[in-house]
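make a model of this:
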Amino acid sequence: MKKVRQLSNAAAKQYLTVDEASKILGVKPPVLRNYLYQEKLTTYKFKTLTLLCRKEVEGWRSGG
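Numbering: from 1, shown residues only. All right, here's what the predicted structure looks like:
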């Protein structure tokens, strides 16, 4: 039987989906995906999800 690892609640809170990050940044998901394509933010893959680091998104939003 295959083992499945899930993010713990603590780890899950460190990451955002593209939809969540786009709401925080005030842009539509396709615009954010364009930023990701241009490598303006770091992405992480978890199975089929594209995740972004919450701290990086919040720092980018504030211009830092």
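
could you look up the SS state of the spatially most central residue of the chain?
Per Cα atoms, centre = their mean, the C-alpha nearest to the average position across the chain is that of L52, at 2.0 Å. In three-state terms, and counting by DSSP: H, G, I helix; E, B strand; the rest coil, L52 is strand.

give me the pLDDT for it.
At L52 the predicted local confidence, pLDDT, stands at 91.

give the contact list for it.
L52 sits next to Y15, L16, T17, V18, A21, L36, L41, T42, T43, Y44 when contact means Cβ atoms under 8 Å, 6 or more residues apart in numbering. C-beta here means a position set from N, CA and C on the backbone, and glycine is covered the same way.

switch to 7 Å and redo it
Taking Cβ atoms under 7 Å, 6 or more residues apart in numbering, we find L52 in contact with Y15, L16, A21, L41, T43.

neighbour-wise, which of these leads?
Neighbour counts for the contacts of L52 (other Cβ atoms under 10 Å) peak at A21, which has 27 neighbours.

what are the ranges of the strands in the chain?
15-17, 43-46, 49-53 (DSSP state E).

could the contacts of L52 be laid out in a markdown table, adding pLDDT and distance to P29?
Conversion of the contacts of L52 to a markdown table gives the following (pLDDT from 0 to 100; distance: Cβ to Cβ, whole Å):
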| residue | pLDDT | distance to P29 |
| --- | --- | --- |
| Y15 | 92 | 16 |
| L16 | 93 | 12 |
| A21 | 95 | 9 |
| L41 | 88 | 13 |
| T43 | 88 | 13 |
